[in-house]
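**Student:** Provided below for reference: sequence and predicted model.
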Amino acid sequence: MENNINDASGPTPEFVQLLTASQSALYAFIVSLLGGVNDAHDVLQEANMKLCRKCAEYDPNQPFLRWAYAFARFEVMACRKRNQRSRLVLDDALLATFADELEGTSEDADQRLKVLETCMERMTPRQRELIAARYGRGEAVQDIASRLSRSENAMAALFYRLRKLLADCVQSVIGNEVRA
């Protein structure tokens with residue numbers, strides 16, 4: 001039996017994984033369209049609920065984020081309609097232009113994420129663990145420094161070098177793909 005990402009009985013673990021992985025991008029998309037964080041969490045939750053209800057309609061051969069952006073866009077428009085009394089509401093045509101522009105960047109973001117994963121694989125296990133601690137789990141630099149018996153300044157400098165190493169690797173790989 002084939003493991004289908006969009007089982008009719010509800011979201012599959014694969015679907016939930018895609019939805020979970022897209023939360024940061026969806027939130028940023030929503031905040032960009034709303035022009036701020038007010039209502040963004042509520043809109044994200046509404047979009048998530050609709051995505052889960054419609055999970056059977058998702059085509060796993062298509063980019064998940066592009067599909068999810070459409071739901072987020074409709075939820076932003078619904079939120080704007082509810083908040084119409086506000087003096088600071090963007091014109092629908094302007095909102096559509098912003099949404100189109102932001103949606104166009106999702107493929108670039110997906111490519112950069114894949115390249116970043118490739119660059120992370122090139123790092124040593126210790127470097128990957130430090131990156132995971134600081135940026136994956138959100139540990140404070142001072143906590144990591146204390147745990148490793150190093151100064152906070154030394155750890156901050158190390159994280160700077162690791163970020164630079166990753167940024168240079170991403171730029172190099174993308175540059176090589178463009179030239180190829």
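**Tutor:** Received it, and whenever you're ready, just let me know what you need. Numbering: from 1, shown residues only.

**Student:** tell me the domain boundaries of this structure?
**Tutor:** Residue ranges for the domains of the chain, per automatic domain parsing: 13-104, 109-179.

**Student:** What's the mean pLDDT across the shortest one?
**Tutor:** Domain 109-179 shows an average pLDDT of 86 in the prediction.

**Student:** got CSV for the domains of the chain, with mean neighbour count too?
**Tutor:** C-beta coordinates here come from the backbone N, C-alpha and C atoms, glycine included. Supplementary listing: the domains of the chain in CSV, determined by neighbours: other CB atoms under 10 Å:
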stretch, mean neighbour count
domain 13-104, 15
domain 109-179, 13
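
**Student:** Residue 30 is in what secondary structure piece?
**Tutor:** Element membership for residue 30 (DSSP states H and E) is helix 23-34.

**Student:** The helix or strand that that helix is followed by: how far from the chain's middle?
**Tutor:** Heading C-terminal from helix 23-34, the first helix or strand you meet, by DSSP H and E, is helix 40-53. From the chain centre to the centre of helix 40-53 is a distance of 15 Å (CA atoms, centre = their mean, to the nearest Å).

**Student:** and the angle from the helix or strand that helix 40-53 is followed by to helix 23-34?
**Tutor:** Next in sequence after helix 40-53, counting helices and strands by DSSP H and E, comes helix 64-82. Counting by axes from the mean of the first three to the mean of the last three CA atoms, to 10 degrees, helix 64-82 lies at 40 degrees to helix 23-34.

**Student:** tell me the angle whichever strand or helix holds residue 14 makes with helix 40-53.
**Tutor:** Assigned by DSSP H and E, residue 14 belongs to helix 13-21. Interaxial angle of helix 13-21 relative to helix 40-53 (the same axes, to 10 degrees): 160 degrees.

**Student:** From residue 115, how far off is the residue nearest to the spatial centre of the chain?
**Tutor:** Taking CA atoms, centre = their mean, the centroid of the chain lies closest to residue 25, which sits 3.0 Å from it. Distance, residue 25 to residue 115, by CB to CB, to the nearest Å: 16 Å.

**Student:** sorry, back to before: what helices or strands is the helix holding residue 14 leaning on?
**Tutor:** Under the contact definition 3 or more CB pairs under 8 Å, 6 or more residues apart in numbering; DSSP states H and E, helix 13-21 sits against helix 40-53, helix 64-82.

**Student:** would JSON lines of the ones you listed with mean pLDDT and distance to residue 172 be doable?
**Tutor:** Formatted as JSON lines, the helices and strands packed on helix 13-21 follow (pLDDT from 0 to 100; distance: least, CB to CB, whole Å):
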{"stretch": "helix 40-53", "mean pLDDT": "93", "distance to residue 172": "34"}
{"stretch": "helix 64-82", "mean pLDDT": "89", "distance to residue 172": "25"}
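
**Student:** got a markdown table for those, with distance to residue 161 too?
**Tutor:** Below are these laid out as a markdown table (distance: least, CB to CB, whole Å):
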| stretch | distance to residue 161 |
| --- | --- |
| helix 40-53 | 34 |
| helix 64-82 | 31 |
